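>>> what would the 3D arrangement of this be:
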Amino acid sequence: MSTAISIAGLGKRYLIGASRERAGTLRDAITNVAVAPVRRLRHAGSSTGHVTEHWALRDVSFDVASGQVIGVIGRNGAGKSTLLKILSRITEPTTGRVTLQGRVGSLLEVGTGFHPELSGRENIYLNGAILGMTRAEISRKFDDIVDFSEIAEFLDTPVKRYSTGMFVRLAFAVAAHLEPEILLVDEVLSVGDLGFQRKCLGQMEEIAGSGRTVMFVSHNMAAVRNLCTRVVEIDEGRVVADGPSDDIVQAYIARQMAMDGAVLHLPHPLGDPEELLVTAVRVVDEQGRTEGPFHSSEQLVVEIDVDVARENAAYQVGFDLLSGDGLIFRTWHTDGPPEEWPPLKLGRSTLRCRLPVGILNELRYGIAPRADVYSSHWLVHGDDAIWFDVVKDHKDSPFSWAWSPGALAPLLEWSSAGELKGESASASQGGLWTTPPAL
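As a prediction, this is how the structure comes out:
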């Protein structure tokens with residue numbers, strides 16, 4: 001089988017603190033030369049001009065066979081996106097080389113190249129050309145792109161009047177109809193609403209099954225497992241694992257589970273300091289303890305500390321409940337009626353979510369915080385998690401064993417036909433998001 005992508009000794013170095021601005025004109029260049037001695041004197045003896053090296057990638061080597069669908073996983077800052085940018089020729093490597101056999105298409109940041117003053121129709125042709133499609137290709141696929149985007153009635157409206165969701169739909173619709181031999185994908189399945197995400201996933205599955213070579217970077221372990229036959233894990237710029245997708249993903253999750261303690265103190269807050277940051281996550285029982293194991297018969301609360309720099313009604317904060325097999329469920333603080341949403345005001349606050357009493361099994365669970373701007377972009381991807389143990393003690397039946405199959409062990413109501421009682425309005429109060437009273 002031929003090789004589509006060959007990566008040998010790849011490294012990318014960034015200089016932190018270096019001033020590398022280019023002169024825009026001859027006058028700027030002359031001015032920069034003239035004032036350089038003054039700048040050096042001004043910063044002499046200070047740390048302002050200190051330059052440090054950061055290797056985003058170091059000595060990365062692996063090959064990808066033609067027609068293979070390969071996933072790339074790792075924590076934030078591991079170097080995954082840098083790798084795709086080098087393969088896409090957006091940036092150049094510092095060391096090593098890359099050999100690509102075939103036409104390359106990239107789905108890195110959907111919507112790049114859209115012009116706000118042009119209509120949706122005009123931007124389809126503009127964005128398609130930027131992504132490497134010919135005018136004939138765009139015309140041939142035009143109707144399919146419009147149908148996929150579901151915004152036909154707004155096609156001749158300038159995109160500056162589009163909602164965020166409409167913009168994302170059109171951008172992904174154009175990018176998803178590329179037909180390259182090699183396709184590079186970076187977390188594009190996280191855009192849009194849930195229905196559109198499923199549609200995007202279906203399109204990606206179709207691309208992956210068409211015999212094209214696909215490199216897929218994602219924090220969604222379920223999507224990586226479903227789409228990819230092979231997975232490469234990158235950590236601190238180096239390849240640390242390479243093999244069948246199930247084996248690598250399970251080992252990755254197991255290492256995350258091995259982290260002890262039910263408090264996630266983040267050395268670097270997650271998110272965007274210009275918008276919203278998640279600074280800490282805790283699991284707390286009725287006595288306020290954060291050390292497990294916890295009892296399934298007791299009320300458990302997930303607390304997420306957030307720091308809001310700019311108010312936005314579209315913010316969503318939530319978490320994934322995980323087991324060793326992957327996602328159990330996802331919850332957002334905006335799941336209920338709008339009048340019941342806990343407020344996200346400027347500054348620091350804590351969101352609290354009560355887990356339903358008597359639902360967790362005897363198992364090890366993970367809480368992975370998430371945050372986004374609805375139908376626009378992720379702020380926190382959910383690849384950092386805290387793990388805690390639960391002891392099941394909420395079933396009194398003499399037939400009940402200490403362990404039950406499955407990630408959840410809910411105590412459900414049973415009755416004979418016609419005898420089922422109405423559910424109490426105060427039952428469990430599970431999944432309720434609140435903010436604690438101000439101290």
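
>>> for the rest of this, base every contact and every neighbour count on C-alpha atoms.
OK.

>>> and the strands in the stretch 101-250 of the chain, which stretches?
For the stretch 101-250 of the chain, strands defined by DSSP state E, counting those that start in this stretch occupy the ranges 104-107, 182-186, 213-217, 230-235, 238-244.

>>> need the ones you listed in CSV with mean pLDDT, can you?
Formatted as CSV, these follow (pLDDT from 0 to 100):
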stretch, mean pLDDT
strand 104-107, 76
strand 182-186, 84
strand 213-217, 90
strand 230-235, 94
strand 238-244, 95
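
>>> can you check which of those gets nearest to residue 157?
Taking Cα to Cα as the criterion, strand 104-107 is the member of the strands of the stretch 101-250 of the chain that comes nearest to residue 157, at 24.3 Å.

>>> identify the residues contacting the closest one?
Residues from elsewhere that reach strand 104-107 (Cα atoms under 8 Å, 6 or more residues apart in numbering): 88, 131-132, 175-176, 178-186, 188.

>>> what's the distance between the residue lying closest to residue 310 once chain neighbours are set aside and residue 138?
Excluding the flanking residues, the one nearest residue 310 by Cα to Cα, 6 or more residues apart in numbering is residue 275, at 5.1 Å. According to Cα to Cα, to the nearest Å, residue 275 and residue 138 sit 36 Å apart.

>>> hang on, the earlier thing: quick one, which of the strands of the stretch 101-250 of the chain is packed in tightest?
With neighbours defined as mean count of other Cα atoms under 10 Å, the strands of the stretch 101-250 of the chain peak in mean count at strand 213-217, which reaches a mean of 26.

>>> so it versus strand 182-186, what angle?
Orientation check (axes from the mean of the first three to the mean of the last three Cα atoms, to 10 degrees): strand 213-217 against strand 182-186 gives 10 degrees.

>>> mind listing the helices for the stretch 151-300 of the chain?
For the stretch 151-300 of the chain, the helices defined by DSSP state H, counting those that start in this stretch cover 164-176, 194-208, 221-227, 245-257.

>>> what's the following helix or strand after the least confident helix or strand in the chain by mean pLDDT?
Least confident helix or strand of the chain, by mean pLDDT, DSSP states H and E, is helix 26-43 with a mean of 57. Toward the C-terminal end, the helix or strand that comes next after helix 26-43 (DSSP states H and E) is strand 52-65.

>>> who does that next one pair up with?
strand 3-16 (antiparallel) (DSSP bridges).

>>> using PDB, write out the CA atom coordinates for the strand it pairs with.
C-alpha atoms of strand 3-16 as PDB (Å, rounded to 0.1, in the frame of the first residue of the first chain):
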ATOM      1  CA  THR A   3       2.100   6.100   1.600                       C
ATOM      2  CA  ALA A   4       0.000   9.300   1.600                       C
ATOM      3  CA  ILE A   5       1.700  11.200   4.400                       C
ATOM      4  CA  SER A   6       5.300  10.800   5.500                       C
ATOM      5  CA  ILE A   7       6.600  12.700   8.600                       C
ATOM      6  CA  ALA A   8      10.200  12.500   9.600                       C
ATOM      7  CA  GLY A   9      11.900  14.200  12.500                       C
ATOM      8  CA  LEU A  10       9.400  17.000  12.500                       C
ATOM      9  CA  GLY A  11       9.900  19.900  15.000                       C
ATOM     10  CA  LYS A  12       8.400  23.300  15.500                       C
ATOM     11  CA  ARG A  13      10.000  25.900  17.700                       C
ATOM     12  CA  TYR A  14       8.500  29.200  18.800                       C
ATOM     13  CA  LEU A  15      10.500  32.100  20.400                       C
ATOM     14  CA  ILE A  16       8.500  33.500  23.300                       C
END
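
>>> now that strand: buried residues?
Residues of strand 3-16 classed as buried: 4, 5, 7, 10, 11, 12 (neighbour count, 16 or more other Cα atoms under 10 Å).

>>> repeat for stretch 147-157
For stretch 147-157, the neighbour count (16+ other Cα under 10 Å) marks 148, 149, 151, 155 as buried.

>>> can I get those in a markdown table with pLDDT and distance to residue 97?
Listed next are these as a markdown table, based on pLDDT from 0 to 100; distance: Cα to Cα, whole Å:
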| residue | pLDDT | distance to residue 97 |
| --- | --- | --- |
| 148 | 89 | 37 |
| 149 | 87 | 37 |
| 151 | 89 | 42 |
| 155 | 92 | 42 |
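
>>> for these, which one is nearest residue 212?
Taking Cα to Cα as the measure, residue 212 sits nearest to residue 148 out of the buried residues of stretch 147-157, at 20.7 Å.

>>> what sits against the closest one?
Residues in contact with residue 148, defined by Cα under 8 Å, 6+ apart, are 169, 173.

>>> how close does it get to residue 169?
8 Å.

>>> neighbour-wise, which of residue 275 and residue 138 wins?
residue 138 (21 against 17; other Cα atoms under 10 Å).

>>> contact partners for that one?
If you count contacts by Cα under 8 Å, 6+ apart, residue 138 has them with 124, 125, 128.

>>> so the last one touches residue 175, yeah?
Yes. At 7.3 Å, residue 128 and residue 175 qualify as touching, with contact defined as Cα atoms under 8 Å.

>>> what residue ranges in the stretch 101-250 of the chain score low on pLDDT?
Along the stretch 101-250 of the chain, the model assigns pLDDT under 70 to residues 109-113, 164, 187-195, 197.

>>> can we see that at 50?
For the stretch 101-250 of the chain, applying pLDDT under 50 flags no range at all.

>>> picking up where we left off before, now the strands of the stretch 101-250 of the chain as TSV including distance to residue 386?
Output for the strands of the stretch 101-250 of the chain, formatted as TSV (distance: least, Cα to Cα, whole Å):
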stretch	distance to residue 386
strand 104-107	31
strand 182-186	25
strand 213-217	22
strand 230-235	19
strand 238-244	22
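
>>> those strands: which one's closest to residue 270?
Comparing the strands of the stretch 101-250 of the chain by Cα to Cα, strand 230-235 comes nearest, at 17.4 Å.

>>> picking up where we left off before, tell me the most packed of the contacts of residue 138, by neighbour count.
Highest neighbour count within these, by other Cα under 10 Å: residue 124, with 24 neighbours.

>>> excluding sequence neighbours, find me the nearest residue to that one.
Residue 124 sits nearest to residue 174 (Cα to Cα, 6+ apart), 6.4 Å away.

>>> tell me, what residue is most central in this protein?
Central residue of the chain (Cα atoms, centre = their mean): residue 381, 3.3 Å from the mean position.

>>> shouldn't that one be in contact with residue 319?
No. With contact defined as Cα under 8 Å, residue 381 does not count as touching residue 319 (9.8 Å).

>>> hey, what's in contact with both of the two?
369, 370.

>>> that older thread, count of residues packed around the residue nearest to residue 124?
27.

>>> that one: what's it in contact with?
Contacts of residue 174 (Cα under 8 Å, 6+ apart): 124, 127, 128, 145.

>>> hang on, residue 54 packs against residue 14?
Yes. Residue 54 is within contact range of residue 14, at 5.1 Å (criterion: Cα under 8 Å).
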